[in-house]
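Q: Take a look and give me a structure for this.
(chains A and B)
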Amino acid sequence: MLAKIHITLKKDVLDPQGSVIANSLKSLGFDNVNDVRQGKFIELEINSNSKEEAEKQCNDMCEKLLANLVIEDYSVEIEN
Amino acid sequence: MKTHVIVFPGSNCDRDVAVAIQNIIGSSPEMVWHKDSTIKRSDLIVVPGGFSYGDYLRCGAMASTSPIMKSVIENANKGVPVMGICNGFQILIESGLLQGALIRNSSLSFICRDIIIKPTNTKTIFTNKSKISKMPIAHNEGNYFANSNQIKEIEDNDQIAFQYCDENGDINAHSNPNGSINNIAGVFNKSKNVLGMMPHPERAAESIHGCDDGRNIFESLLS
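A: Down below sits the predicted model:
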(Lines give C-alpha, C1' and ligand atoms only; values in the text may rest on other atoms or scores of the structure.)
Protein backbone atom coordinates (compact mmCIF):
# COMPACT_ATOMS: atom_id res chain seq x y z
CA MET A 1 0.00 0.00 0.00
CA LEU A 2 1.00 3.60 -0.49
CA ALA A 3 0.87 6.01 2.42
CA LYS A 4 0.78 9.75 1.77
CA ILE A 5 1.66 11.79 4.82
CA HIS A 6 1.31 15.56 5.07
CA ILE A 7 3.13 17.39 7.86
CA THR A 8 2.26 21.03 8.45
CA LEU A 9 3.20 23.63 11.04
CA LYS A 10 0.58 24.19 13.72
CA LYS A 11 -1.48 27.36 13.35
CA ASP A 12 0.16 29.06 16.35
CA VAL A 13 3.70 28.51 15.01
CA LEU A 14 5.09 31.31 12.87
CA ASP A 15 6.20 30.18 9.44
CA PRO A 16 8.80 32.69 8.21
CA GLN A 17 9.47 30.62 5.07
CA GLY A 18 5.77 30.72 4.23
CA SER A 19 5.75 34.52 4.65
CA VAL A 20 8.72 34.94 2.30
CA ILE A 21 7.09 32.64 -0.28
CA ALA A 22 3.87 34.71 -0.03
CA ASN A 23 5.85 37.91 -0.67
CA SER A 24 7.59 36.36 -3.66
CA LEU A 25 4.28 35.19 -5.12
CA LYS A 26 2.90 38.72 -4.72
CA SER A 27 5.94 40.15 -6.48
CA LEU A 28 5.16 37.80 -9.40
CA GLY A 29 1.71 39.36 -9.60
CA PHE A 30 -0.32 36.82 -7.63
CA ASP A 31 -1.94 39.61 -5.60
CA ASN A 32 -4.77 37.45 -4.32
CA VAL A 33 -2.45 35.21 -2.22
CA ASN A 34 -3.03 35.94 1.46
CA ASP A 35 -1.30 33.28 3.50
CA VAL A 36 1.26 30.59 2.66
CA ARG A 37 2.19 27.75 4.98
CA GLN A 38 5.04 25.46 3.98
CA GLY A 39 5.06 21.81 5.06
CA LYS A 40 6.46 18.38 4.21
CA PHE A 41 5.06 15.55 2.15
CA ILE A 42 6.27 12.01 2.76
CA GLU A 43 5.29 9.07 0.58
CA LEU A 44 6.06 5.56 1.72
CA GLU A 45 5.25 2.03 0.65
CA ILE A 46 4.09 -0.21 3.43
CA ASN A 47 3.18 -3.90 3.58
CA SER A 48 0.00 -4.35 5.52
CA ASN A 49 -3.11 -6.55 5.63
CA SER A 50 -5.54 -3.69 5.88
CA LYS A 51 -5.81 0.05 5.30
CA GLU A 52 -6.71 0.50 8.96
CA GLU A 53 -3.61 -1.28 10.15
CA ALA A 54 -1.39 0.71 7.75
CA GLU A 55 -2.96 3.97 8.91
CA LYS A 56 -2.43 3.03 12.54
CA GLN A 57 1.24 2.30 11.88
CA CYS A 58 1.73 5.54 9.96
CA ASN A 59 0.14 7.51 12.82
CA ASP A 60 2.61 5.80 15.14
CA MET A 61 5.52 6.73 12.82
CA CYS A 62 4.38 10.37 12.82
CA GLU A 63 4.14 10.46 16.62
CA LYS A 64 7.54 8.83 17.09
CA LEU A 65 9.63 10.38 14.33
CA LEU A 66 8.11 11.90 11.23
CA ALA A 67 6.41 14.87 12.91
CA ASN A 68 7.37 16.97 15.91
CA LEU A 69 4.04 17.34 17.69
CA VAL A 70 5.20 20.45 19.57
CA ILE A 71 5.17 22.40 16.31
CA GLU A 72 3.58 20.18 13.66
CA ASP A 73 0.29 18.49 12.76
CA TYR A 74 0.06 15.54 10.42
CA SER A 75 -2.48 13.71 8.29
CA VAL A 76 -2.26 10.23 6.77
CA GLU A 77 -3.90 8.95 3.59
CA ILE A 78 -3.60 5.27 2.56
CA GLU A 79 -4.03 4.11 -1.04
CA ASN A 80 -4.10 0.53 -2.26
CA MET B 1 35.19 12.69 37.12
CA LYS B 2 34.21 10.22 34.39
CA THR B 3 33.04 12.11 31.30
CA HIS B 4 31.67 11.07 27.91
CA VAL B 5 31.19 12.89 24.60
CA ILE B 6 28.83 11.32 22.06
CA VAL B 7 29.97 11.35 18.43
CA PHE B 8 27.44 11.17 15.58
CA PRO B 9 28.13 11.22 11.85
CA GLY B 10 28.25 14.98 11.27
CA SER B 11 29.24 16.05 14.79
CA ASN B 12 31.83 18.81 14.48
CA CYS B 13 32.24 20.23 17.99
CA ASP B 14 33.06 16.92 19.68
CA ARG B 15 36.82 17.63 19.76
CA ASP B 16 36.33 21.22 20.92
CA VAL B 17 34.18 20.17 23.85
CA ALA B 18 36.59 17.34 24.70
CA VAL B 19 39.44 19.88 24.92
CA ALA B 20 37.34 22.18 27.13
CA ILE B 21 36.48 19.27 29.44
CA GLN B 22 40.12 18.20 29.57
CA ASN B 23 41.41 21.73 30.30
CA ILE B 24 38.75 22.90 32.73
CA ILE B 25 37.35 19.79 34.40
CA GLY B 26 40.64 17.89 34.17
CA SER B 27 39.01 14.71 32.89
CA SER B 28 39.89 13.04 29.62
CA PRO B 29 36.47 12.27 28.11
CA GLU B 30 35.67 8.97 26.51
CA MET B 31 34.46 9.58 22.94
CA VAL B 32 31.42 7.36 22.39
CA TRP B 33 30.36 6.44 18.84
CA HIS B 34 26.61 6.73 18.30
CA LYS B 35 26.32 3.03 17.40
CA ASP B 36 27.60 1.96 20.81
CA SER B 37 24.76 0.94 23.01
CA THR B 38 25.79 1.58 26.61
CA ILE B 39 27.46 4.10 28.85
CA LYS B 40 27.96 2.23 32.08
CA ARG B 41 28.95 4.90 34.56
CA SER B 42 29.28 8.60 33.89
CA ASP B 43 29.46 11.88 35.78
CA LEU B 44 28.82 13.96 32.67
CA ILE B 45 27.58 13.15 29.17
CA VAL B 46 27.91 15.82 26.48
CA VAL B 47 25.96 15.72 23.21
CA PRO B 48 28.03 18.06 21.04
CA GLY B 49 27.22 20.45 18.22
CA GLY B 50 27.41 19.79 14.51
CA PHE B 51 25.08 18.67 11.76
CA SER B 52 24.28 15.09 12.72
CA TYR B 53 22.85 13.15 9.77
CA GLY B 54 22.95 16.32 7.68
CA ASP B 55 19.94 17.72 9.60
CA TYR B 56 17.66 15.35 7.62
CA LEU B 57 13.91 15.52 8.40
CA ARG B 58 14.42 17.91 11.35
CA CYS B 59 17.65 18.89 13.11
CA GLY B 60 18.45 16.18 15.65
CA ALA B 61 15.57 13.89 14.62
CA MET B 62 17.70 11.12 13.11
CA ALA B 63 20.35 11.25 15.85
CA SER B 64 17.68 10.95 18.54
CA THR B 65 16.95 7.41 17.29
CA SER B 66 20.62 6.29 17.41
CA PRO B 67 21.36 3.23 19.59
CA ILE B 68 23.39 5.28 22.11
CA MET B 69 20.48 7.62 22.84
CA LYS B 70 18.63 4.91 24.80
CA SER B 71 21.56 4.81 27.18
CA VAL B 72 21.79 8.61 27.33
CA ILE B 73 18.09 8.75 28.26
CA GLU B 74 18.51 6.01 30.91
CA ASN B 75 21.48 7.84 32.43
CA ALA B 76 19.59 11.15 32.39
CA ASN B 77 16.64 9.51 34.13
CA LYS B 78 19.03 8.23 36.81
CA GLY B 79 20.22 11.81 37.43
CA VAL B 80 23.49 11.79 35.47
CA PRO B 81 24.27 15.33 34.19
CA VAL B 82 23.64 15.51 30.43
CA MET B 83 24.50 18.60 28.42
CA GLY B 84 23.52 19.25 24.79
CA ILE B 85 25.12 22.12 22.91
CA CYS B 86 23.63 23.51 19.66
CA ASN B 87 22.84 20.39 17.57
CA GLY B 88 23.16 18.50 20.88
CA PHE B 89 20.32 20.66 22.25
CA GLN B 90 18.24 19.83 19.16
CA ILE B 91 18.96 16.11 19.69
CA LEU B 92 17.95 16.24 23.37
CA ILE B 93 14.69 17.96 22.39
CA GLU B 94 13.97 15.37 19.69
CA SER B 95 14.71 12.56 22.14
CA GLY B 96 12.13 13.96 24.55
CA LEU B 97 14.59 14.78 27.35
CA LEU B 98 13.85 18.50 27.01
CA GLN B 99 10.61 20.33 26.25
CA GLY B 100 9.83 22.64 23.34
CA ALA B 101 11.14 22.77 19.79
CA LEU B 102 13.91 24.54 17.88
CA ILE B 103 12.69 25.97 14.61
CA ARG B 104 14.23 28.01 11.78
CA ASN B 105 15.74 31.36 12.81
CA SER B 106 13.19 34.14 12.31
CA SER B 107 15.63 35.86 9.91
CA LEU B 108 15.82 32.65 7.79
CA SER B 109 19.61 33.08 7.89
CA PHE B 110 22.35 30.97 9.39
CA ILE B 111 23.74 33.10 12.24
CA CYS B 112 27.38 32.82 13.29
CA ARG B 113 28.45 35.53 15.74
CA ASP B 114 29.02 36.33 19.40
CA ILE B 115 25.98 36.91 21.56
CA ILE B 116 25.51 37.58 25.27
CA ILE B 117 23.52 35.36 27.60
CA LYS B 118 22.37 35.72 31.17
CA PRO B 119 21.76 32.75 33.47
CA THR B 120 18.12 32.68 34.55
CA ASN B 121 18.50 30.03 37.24
CA THR B 122 21.91 29.89 38.97
CA LYS B 123 21.00 27.17 41.46
CA THR B 124 21.87 24.23 39.21
CA ILE B 125 24.92 22.02 38.70
CA PHE B 126 25.51 23.71 35.32
CA THR B 127 25.03 27.35 36.27
CA ASN B 128 26.13 27.86 39.91
CA LYS B 129 29.15 29.86 38.70
CA SER B 130 27.38 31.44 35.73
CA LYS B 131 27.26 35.14 35.06
CA ILE B 132 26.46 37.35 32.08
CA SER B 133 28.68 35.78 29.40
CA LYS B 134 29.70 36.33 25.82
CA MET B 135 30.04 33.31 23.53
CA PRO B 136 29.33 32.39 19.92
CA ILE B 137 26.23 30.95 18.34
CA ALA B 138 26.35 29.18 14.96
CA HIS B 139 23.00 27.82 13.87
CA ASN B 140 20.15 27.92 11.39
CA GLU B 141 17.49 26.37 13.66
CA GLY B 142 17.90 27.90 17.11
CA ASN B 143 14.58 29.68 17.43
CA TYR B 144 13.16 28.18 20.63
CA PHE B 145 9.42 27.56 20.51
CA ALA B 146 6.91 26.18 22.97
CA ASN B 147 3.21 27.00 23.25
CA SER B 148 1.99 29.34 25.99
CA ASN B 149 1.03 26.51 28.39
CA GLN B 150 4.43 24.87 27.99
CA ILE B 151 6.25 28.20 28.46
CA LYS B 152 4.30 28.80 31.67
CA GLU B 153 5.21 25.34 32.93
CA ILE B 154 8.90 25.85 32.05
CA GLU B 155 8.93 29.24 33.79
CA ASP B 156 7.06 28.01 36.86
CA ASN B 157 9.58 25.17 37.30
CA ASP B 158 12.62 27.49 36.87
CA GLN B 159 13.62 25.49 33.79
CA ILE B 160 14.91 28.42 31.74
CA ALA B 161 18.71 28.18 31.87
CA PHE B 162 19.86 31.16 29.80
CA GLN B 163 18.31 34.10 27.98
CA TYR B 164 19.86 36.29 25.29
CA CYS B 165 20.54 39.78 26.65
CA ASP B 166 22.52 42.94 25.91
CA GLU B 167 25.80 44.01 27.54
CA ASN B 168 23.91 45.39 30.55
CA GLY B 169 22.00 42.16 31.05
CA ASP B 170 18.75 43.58 29.70
CA ILE B 171 16.63 40.96 27.99
CA ASN B 172 14.98 42.67 25.02
CA ALA B 173 14.00 42.17 21.38
CA HIS B 174 17.19 43.83 20.18
CA SER B 175 19.38 41.22 21.92
CA ASN B 176 17.36 38.27 20.58
CA PRO B 177 19.35 36.87 17.62
CA ASN B 178 16.95 34.24 16.30
CA GLY B 179 13.37 34.93 17.39
CA SER B 180 13.34 32.58 20.40
CA ILE B 181 10.30 32.99 22.63
CA ASN B 182 11.21 35.06 25.72
CA ASN B 183 14.83 35.22 24.42
CA ILE B 184 15.35 31.62 25.58
CA ALA B 185 18.89 30.38 24.79
CA GLY B 186 18.87 27.25 26.95
CA VAL B 187 16.55 25.13 29.09
CA PHE B 188 16.75 22.43 31.75
CA ASN B 189 14.64 19.35 32.26
CA LYS B 190 12.37 19.32 35.33
CA SER B 191 15.03 17.87 37.64
CA LYS B 192 17.76 20.21 36.28
CA ASN B 193 20.27 17.47 35.47
CA VAL B 194 19.77 17.89 31.70
CA LEU B 195 20.77 21.17 30.03
CA GLY B 196 20.34 22.14 26.40
CA MET B 197 21.73 25.40 25.02
CA MET B 198 22.27 26.90 21.56
CA PRO B 199 25.38 29.02 22.39
CA HIS B 200 28.79 27.31 22.35
CA PRO B 201 30.63 27.62 25.70
CA GLU B 202 33.37 25.29 24.41
CA ARG B 203 34.23 27.83 21.70
CA ALA B 204 34.82 30.53 24.33
CA ALA B 205 36.82 28.51 26.81
CA GLU B 206 40.40 29.83 26.68
CA SER B 207 42.12 33.14 25.99
CA ILE B 208 43.21 32.03 22.52
CA HIS B 209 39.48 31.94 21.58
CA GLY B 210 39.34 35.70 22.24
CA CYS B 211 36.97 35.16 25.16
CA ASP B 212 36.81 32.59 27.93
CA ASP B 213 33.38 33.36 29.40
CA GLY B 214 32.19 29.85 28.51
CA ARG B 215 34.46 28.36 31.18
CA ASN B 216 31.99 29.16 33.95
CA ILE B 217 29.60 26.43 32.78
CA PHE B 218 32.31 23.75 32.99
CA GLU B 219 33.58 25.24 36.28
CA SER B 220 30.06 25.03 37.72
CA LEU B 221 30.15 21.27 37.13
CA LEU B 222 33.26 21.00 39.31
CA SER B 223 31.64 22.46 42.42
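Q: residues contacting B:N128?
A: B:122, B:220, B:223 (C-beta atoms under 8 Å, 6 or more residues apart in numbering or on different chains). Where C-beta positions appear, they are placed from N, C-alpha and C, glycine not excepted.
Q: ok, so of those residues, who is nearest chain A?
A: Distance to chain A, by C-beta to the nearest C-beta, is smallest for B:T122 among the contacts of B:N128, at 27.1 Å.
Q: Kindly report the residues of chain B close to chain A.
A: Counting by C-beta under 8 Å from any C-beta of the partner chain, the residues of chain B close to chain A are B:57-58, B:61, B:65, B:94, B:99-101, B:103-104, B:106-108, B:145-147, B:150, B:179.
Q: ok, now with 10 Å
A: Within chain B, the positions lying close to chain A (C-beta under 10 Å from any C-beta of the partner chain) are B:57-58, B:60-62, B:64-65, B:93-94, B:99-108, B:143, B:145-148, B:150, B:179.
Q: List the buried residues of stretch B:98-108.
A: Across stretch B:98-108, burial judged by 16 or more other C-beta atoms under 10 Å in any protein chain shown covers B:98-105.
Q: now stretch B:57-65
A: Residues B:57-64 are the ones in stretch B:57-65 that count as buried (16+ other C-beta under 10 Å).
Q: Residue in chain B with the shortest distance to chain A?
A: For chain B, C-beta to the nearest C-beta, closest residue to chain A: B:A101, 4.1 Å.
Q: I'd guessed that residue sits against B:E141; true?
A: Yes: using C-beta atoms under 10 Å, B:A101 is in contact with B:E141, at 9.2 Å.
Q: Burial check on B:N176, number of neighbours?
A: 21 (other C-beta atoms under 10 Å in any protein chain shown).
Q: so what's it up against?
A: B:106, B:115, B:143, B:163-166, B:182-185 (C-beta atoms under 10 Å, 6 or more residues apart in numbering or on different chains).
Q: Could you pull out the helices in chain A for me?
A: Applying DSSP state H to chain A gives helices spanning A:16-27, A:51-61.
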